[in-house]
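K.L.:
Sequence first, predicted coordinates after that:
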Amino acid sequence: MKSCRFEHLLASTAFGLVLALSSHAGFAQQSNDGVQAAAPHDSDAAATVKQDAQTPSQTAPAAAKDEPKQETAAPVSEPAKAASAPAAPANADTQVADQLRDLITGKKLDRLIARRDDRAGVEQFYKARDYKPLWLADGKAGARAKAAAAYLGQVETVGLDAQDYPVPDFAAATTPEDLAAAELKFTNSVLTYARNAQIGRIHFSRVASDIAFSLEAPNPADVLAKLAEASDVAAQLDSYNPPQQGFKALKKALAELRANGGQLAKPEKKDADVNPGANVRVPEGGILRPGMKDKRVIALRQRLNIAGDKNNPLYDEAVVEAVKTFQTEQDLDVDGNAGPNTVRALNGVKTERRVAANPVDTVIVNMERWRWLPRTLGNASNTYVVVNVPDYTLTLYHHGEQYWKTKIVVGQPSKMTPMTSAEMKFITVNPTWNVPPSIIENEYLPALQQDPNALDRIGLKIYQDPDGTVHVYQPPGAANALGRIRFNFPNKFLVYQHDTPDKYLFKRDKRAFSHGCMRVENPLEYGTKLMSIEDPEAHYTPAKFESMFGGNEININFAKPIPVHLTYQTAFVDDEGKLQLRDDVYGRDAKMIAILKNPGEKRVADIAIERAPDASSRPVKLPSGTYAGLDGQSYGYRGGGSFFDFLFGGQAQPVYRPRGYVGRTDNRRVR
């Protein structure tokens, strides 16, 4: 009986041991499955997980069936291993986030994000999302990254260079560290693009000192936040380009140029195509003048395609006017006589417009300059003025549409009309011309040195402040250099738009003759159009402005200032949709093209540079008492002889030199 009970006890114990061992083996299997399931993006591992998930339920019966076998004892050690196994690692994005935190808060961020402002934005953006990656999903490039990469790959369509915005090889990044670095490299490319698209690759200070715009670069953190929320990544990236129609028209023209091999689709017609007499040669000889009869006049009539009897040898008024027009277009002395210079020009080859060898380059730099302009050109009623220097035109827009347009004269290449944006705030009728300091110093003081009466003959007055500052001005009147009306938009370059007594210059094709201000061909009509917008109830007309002419200045203030944009568009699309190219009269195209084609310059082109203050507006000072004050009194000078003797006479007196001269005269330092 005891033996039977002992055998029953042994059997029960053995059965319990088998159950225990079977249970331990299943637990060990489940622990291993958890480690394998944590490894993402491995199809083999995923298949193993699926297969192993079925194993525990199949293993227990097998163990129970084979309980007498010794090998079933091996799993006894597995529970110990499972108990000491580490917790399952986090998913791939979490691991990348950890690495992003280390990179962004550590000292290596400047190796991945080029600009300091961008680094601050990156820190702000990623910290706010607990360093979760923007471009990666499950350890690889996500849909957002693919859309952004595709857009950056075709930025040539908006005048940029895809090579400036590299896309890292996300597929080659196999570790969390590599993935985090790739994430930040791509973020750097996107931020660089957004800044270049909005304010340009070239800072205007790199081009010239007479350019000034208020550039607003996009906030880096905002750029990333908007892309994180955007349903259309490409559209969001494209929104950083200028929204103006002029830019969009150039974008279309650029595509057409490239499709045409960089050539204009329709070359402009040559002179011979529109003027049948363009190939007629005018024989050389003596000067042809009005009233003369000469068989050469017949050739002249044919060459200039003068209406009427082209076989008439009389040099009549029709011939005079045609010759004057030709002389004006060719920048010759306009006298109406057919002299040697005029005849040579008539028989020569017409000078073609000077444009870049590759029109594509011209269009690209013009798109670049659009990025400097304000995103909103007009005021509340979308009214604004655009001056296009190379086209010698001024256009007034109202409600965003062209309202009025006229010819203008702009600055000479040595005295360039600047590029800037300002607000027109008032009109002055009967303006006084206060001569800019640069003209006083470089032109009028040297003229006075040669002839003390030079200013009197041209109606200019000179006086001096007690501190020695010299002023030259011209009182209001018909002969005033500003004409009868001036349009004022205060700016750092001290330029404005105005009337002019030199109306003949508007007949010329190229009109770069001023000291930087803009002379308007039809100023009274311009004033009328402006006031029809500003104060329509006042019913201004050219005749009303004329009734205000006199000897005293009259200011007409604007209730709503009108933005004025001084631009340099050597490439633009006209009202008929045709691409127009103009001379690079100031060399701005050439400068910008050279920067973009030089890798070294291009690398730093978007960084502003310090330029010396513009000395042209600095007051001109001479020893106090050189000239009388505005009230006719003399301040400070008590020497013998006239003030001209003091200024220009005698070897013991200082000799005038233009600003910037370095040297000594009679042991005195000269300005």
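P.N.:
That came through fine.
K.L.:
hey, which strand is longest across the chain?
P.N.:
Counting residues, the longest strand found in the chain (DSSP state E) is strand 554-567.
K.L.:
Tell me the buried residues in the very next helix or strand once past that strand?
P.N.:
Downstream of strand 554-567, the next assigned helix or strand under DSSP states H and E is strand 571-573. By neighbour count on 16 or more other Cβ atoms under 10 Å, the buried set for strand 571-573 is 571-573. Bear in mind the C-beta positions are built from the backbone N, C-alpha and C, glycine included.
K.L.:
The host helix or strand of residue 256 vs strand 554-567, what angle?
P.N.:
Using DSSP H and E, residue 256 maps to helix 245-259. Orientation of helix 245-259 against strand 554-567 (axes from the mean of the first three to the mean of the last three Cα atoms, to 10 degrees) gives an angle of 20 degrees.
K.L.:
Could you pull up the mean pLDDT of helix 245-259?
P.N.:
For helix 245-259, mean pLDDT is 97.
K.L.:
starting at the chain centroid, how far to that helix?
P.N.:
Its chain's C-alpha centre and that of helix 245-259 lie 16 Å apart, by Cα atoms, centre = their mean, to the nearest Å.
K.L.:
I'd guessed residue 487 sits against residue 498; true?
P.N.:
Yes: Residue 487 is in contact with residue 498 according to Cβ atoms under 8 Å; the separation is 6.6 Å.
K.L.:
overlap in contacts of those two?
P.N.:
Each of 520, 523 lies in contact with both residue 487 and residue 498 under the rule Cβ atoms under 8 Å, 6 or more residues apart in numbering.
K.L.:
So between the two, which is more surrounded?
P.N.:
Neighbours were counted for residue 487 and for residue 498 using other Cβ atoms under 10 Å; residue 487 has more, 26 against 23.
K.L.:
partners of the longest strand of the chain in the sheet?
P.N.:
With DSSP bridges as the test, strand 554-567 is paired with strand 384-388 (parallel), strand 419-429 (antiparallel).
K.L.:
Tabulate those strands (JSON lines), appending mean neighbour count and distance to residue 93.
P.N.:
Output for the strands paired with strand 554-567, formatted as JSON lines (neighbours: other Cβ atoms under 10 Å; distance: least, Cβ to Cβ, whole Å):
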{"stretch": "strand 384-388", "mean neighbour count": "23", "distance to residue 93": "49"}
{"stretch": "strand 419-429", "mean neighbour count": "20", "distance to residue 93": "46"}
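K.L.:
wait, which of these is closest to residue 213?
P.N.:
When those are compared by Cβ to Cβ, strand 419-429 sits nearest residue 213, at 6.2 Å.
K.L.:
Assign the residue nearest to residue 195 when sequence neighbours are not counted to one of the three secondary structure states.
P.N.:
Once flanking residues are discounted, residue 195 sits nearest to residue 217: 5.1 Å by Cβ to Cβ, 6 or more residues apart in numbering. Here residue 217 is recorded as coil under DSSP: H, G, I helix; E, B strand; the rest coil.
K.L.:
which ones are touching residue 217?
P.N.:
117, 195, 198-199.
K.L.:
Turn those into a markdown table, columns for neighbour count.
P.N.:
Shown next, in a markdown table, are those (neighbours: other Cβ atoms under 10 Å):
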| residue | neighbour count |
| --- | --- |
| 117 | 14 |
| 195 | 22 |
| 198 | 18 |
| 199 | 21 |
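K.L.:
Greatest separation within the residues you listed: which pair is it?
P.N.:
Across these, the longest distance by Cβ to Cβ is 13.3 Å; it joins 117 and 198.
K.L.:
The closest residue in space to residue 204 that isn't next to it in sequence: what's it in contact with?
P.N.:
Computed as Cβ to Cβ, 6+ apart, the closest residue to residue 204 that is not its neighbour in sequence is residue 211, at 4.1 Å. Residues in contact with residue 211 (Cβ under 8 Å, 6+ apart) are 204-205, 372, 418-420.
K.L.:
Mind listing the residues bridging to residue 211?
P.N.:
Counting by DSSP bridges, residue 211 is bridged to residue 419.
K.L.:
Which of the helices or strands spans the spatially closest residue to residue 129 that is not a sequence neighbour?
P.N.:
Closest residue to residue 129 apart from its sequence neighbours, by Cβ to Cβ, 6+ apart: residue 228 at 7.6 Å. According to DSSP H and E, residue 228 maps onto helix 220-229.
K.L.:
helices and strands around the helix or strand following that helix, which ones?
P.N.:
Of the helices and strands lying after helix 220-229 in sequence (DSSP H and E), the nearest is helix 233-238. If contacts are counted by 3 or more Cβ pairs under 8 Å, 6 or more residues apart in numbering; DSSP states H and E, helix 233-238 sits against helix 143-152, helix 176-199, helix 220-229.
K.L.:
Can I get helix 233-238 as PDB, trimmed to CA atoms?
P.N.:
Output of helix 233-238 as PDB, limited to C-alpha atoms (Å, rounded to 0.1, in the frame of the first residue of the first chain):
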ATOM      1  CA  VAL A 233       4.400  71.200 -49.500                       C
ATOM      2  CA  ALA A 234       5.300  72.300 -53.000                       C
ATOM      3  CA  ALA A 235       2.800  75.200 -52.900                       C
ATOM      4  CA  GLN A 236       4.100  76.300 -49.500                       C
ATOM      5  CA  LEU A 237       7.700  76.400 -50.800                       C
ATOM      6  CA  ASP A 238       6.600  78.200 -53.900                       C
END
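K.L.:
Could you pull out the buried residues of it?
P.N.:
Of the residues in helix 233-238, those buried (16+ other Cβ under 10 Å) are 233, 236-237.
K.L.:
Can you add distance to residue 584 and give these back as CSV?
P.N.:
Output for these, formatted as CSV (distance: Cβ to Cβ, whole Å):
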residue, distance to residue 584
233, 37
236, 35
237, 31
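K.L.:
Based on its surroundings, how many neighbours for residue 394?
P.N.:
Applying other Cβ under 10 Å, I find that residue 394 has 25 neighbouring residues.
K.L.:
a strand runs through it, doesn't it?
P.N.:
Yes: assessed with three-state DSSP, residue 394 lies in a strand.
K.L.:
need the contact list for it.
P.N.:
By Cβ under 8 Å, 6+ apart, residue 394 lies in contact with 385-388, 405-408, 497, 518, 520, 526.
K.L.:
Farthest pair within the residues you listed?
P.N.:
388 and 526 (15.4 Å).
K.L.:
what does the helix holding residue 256 rub up against?
P.N.:
By Cβ under 8 Å, 6+ apart, helix 245-259 touches 157-159, 241, 263-265, 359-360, 363-364, 366-367, 370, 569, 571-573, 577, 579.
K.L.:
Buried ones among these?
P.N.:
The neighbour count (16+ other Cβ under 10 Å) marks 158-159, 241, 359-360, 363-364, 366-367, 370, 569, 571-573, 579 as buried among the contacts of helix 245-259.
K.L.:
Nearest residue to residue 318 in space, please, no chain neighbours.
P.N.:
In space, residue 318 is closest to residue 306, 5.5 Å off (Cβ to Cβ, 6+ apart).
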